[in-house]
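**Student:** Just the structure for this:
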Amino acid sequence: MMNSQISASKITVVEKRLNVLLVSIFVCQIILCIVMSVLSIREDARLYGTANYLSWGTYHPSAKNFIKIFMMFFIDYSSIIPISLVVSIEIVKLAQSYFIDFDKLMFCKRKDQGAVARNASLN
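**Tutor:** The predicted structure follows:
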């Protein structure tokens, strides 16, 4: 059965590079959030030890506090990953397929037919 095999996913080189870049940016964002959370907890412990008006007792950092600070930094740094980049690449591919459809140099006189881009990832 020739058609029973799973076909390979067709993805462009630009999309592959974009996926790799987005994953690497996401990993950098996670590392940045972890570092900033640790530094924030360390600074809070230092401030609570020296500034008497801040503490009602001693400061005990906990996992719950670390997760809360991590999520705050993750939300703050969420603008690092440009979602608009993916959208703009799709718009560029759509415009390029439009230009392929209406390119006068891609017209075949023998068939009396121009080029037709049936797939936006063609280019």
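**Student:** what about I41, how many residues close to it?
**Tutor:** Each residue near I41 was counted by other CB atoms under 10 Å, and the total is 17. Heads up, the C-betas are built off the backbone N, CA and C, glycines and all.
**Student:** my bad, should have said G114
**Tutor:** Using other CB under 10 Å: G114 sits among 14 other residues.
**Student:** So it is in contact with F99, correct?
**Tutor:** No - taking contacts as CB atoms under 8 Å, G114 lies outside contact range of F99: 11.6 Å.
**Student:** how close does S84 sit to V13?
**Tutor:** 21 Å (CB to CB, to the nearest Å).
**Student:** now F26
**Tutor:** F26 sits 20 Å away from V13, taking CB to CB as the criterion.
**Student:** My guess is Y48 contacts N65. True?
**Tutor:** No - taking contacts as CB under 8 Å, Y48 lies outside contact range of N65: 11.9 Å.
**Student:** Buried residues in the helix or strand hosting M72, which are they?
**Tutor:** Using DSSP states H and E, M72 sits in helix 63-76. For helix 63-76, a neighbour-count test (16 or more other CB atoms under 10 Å) marks I69, F70, F73, F74 as buried.
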